[in-house]
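> 3D model of this:
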Amino acid sequence: RLQQLGSSVGELTEKQTAEAKAAVTDAIAEREKLVAAVEALAAQDPAKAQWKQVTTQLDAFFARWQAHQQDGPRLPKADGDELWRRFRAARTTIEGHRKAFFAELDGTHREARTRKQDLAEKAEALASKGTAAIPDYRKLLDDWKAAGRAGKKVDDALWARFKAAGDVLYA
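Next up, the predicted model:
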């Protein structure tokens with residue numbers, strides 16, 4: 001009986017070892033897919049990226065990574081560290097591109113805001129000249145259109161000032 005149990009235990013141990021190896025292999029393949037997806041996201045042209053979607057996708061990939069790490073089998077340290085290094089590098093690249101994009105956008109908005117504030121002040125200064133200043137106001141309006149966007153709230157407030165000055169001229 002003891003020999004039968006010994007051989008059964010040996011067979012079960014071999015079976016469990018094979019299953020554990022297969023689970024680790026599957027887990028490595030799954031994490032490879034995650035890393036490849038994040039690296040593909042990082043390789044996209046940052047100028048054409050829709051940052052809200054990219055950020056959502058990156059967060060979803062990171063959540064899957066964490067869930068896989070918590071619920072999946074433990075990977076060998078060398079494999080796990082290498083995959084994490086690649087994932088982290090791609091994630092850092094994406095974050096760097098996103099920060100650069102928004103820093104540039106903030107700079108553009110700042111320039112447009114300054115330009116539109118100047119235009120609003122010039123338009124307000126024309127109010128004392130009456131209808132004779134309408135051609136000058138039209139030129140300021142063309143400059144306004146060429147100045148670009150300054151952010152919705154700021155743009156709306158400055159437009160209200162600019163338009164009020166024009167309404168005084170046309171009244």
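
> max-length helix in the protein?
Counting residues, the longest helix found in the chain (DSSP state H) is helix 77-125.

> same for it, what does it pack against?
The helices and strands touching helix 77-125, judged by 3 or more C-beta pairs under 8 Å, 6 or more residues apart in numbering; DSSP states H and E, are helix 2-43, helix 51-71, helix 134-147, helix 152-170. Using the backbone N, CA and C atoms, a C-beta is placed for each residue, glycine as well.

> so it versus helix 2-43, what angle?
30 degrees (axes from the mean of the first three to the mean of the last three C-alpha atoms, to 10 degrees).

> on that earlier part again, out of the helices and strands packed on helix 77-125, flag the one nearest A125.
The closest of the helices and strands packed on helix 77-125 to A125 is helix 152-170. By C-beta to C-beta, the value is 8.3 Å.

> what's that closest one in contact with?
Helix 152-170 is touched from outside by 109, 112-113, 116-117, 119-120, 123-124, 126-127, 129-131, 133-134, 137, 140-141, 144, 149-150, with contacts defined as C-beta atoms under 8 Å, 6 or more residues apart in numbering.

> got a quick PyMOL command for the buried subset of those residues?
Once 16 or more other C-beta atoms under 10 Å is used to decide burial, the buried members of the contacts of helix 152-170 can be selected in PyMOL as follows:
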select buried, resi 109+112+113+116+117+119+120+123+126+127+133+137+140+144+150
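
> nearest residue to the one residue sitting closest to the centre of the chain in space, please, no chain neighbours.
When the chain is reduced to its mean C-alpha position, the closest residue under C-alpha atoms, centre = their mean turns out to be W51, at 3.4 Å. In this structure, W51 finds its nearest non-sequential neighbour in R98, 5.5 Å apart by C-beta to C-beta, 6 or more residues apart in numbering.

> OK, contacts around that neighbour?
Taking C-beta under 8 Å, 6+ apart as the test, what R98 contacts is 46, 49, 51, 54-55.

> which among those residues count as buried?
Buried among those (16+ other C-beta under 10 Å): 49, 54.

> out of the contacts of R98, who's nearest A36?
V54 (16.0 Å).

> surely the closest one and L41 touch.
Yes - between V54 and L41 a contact is recorded at 6.4 Å, counting by C-beta atoms under 8 Å.
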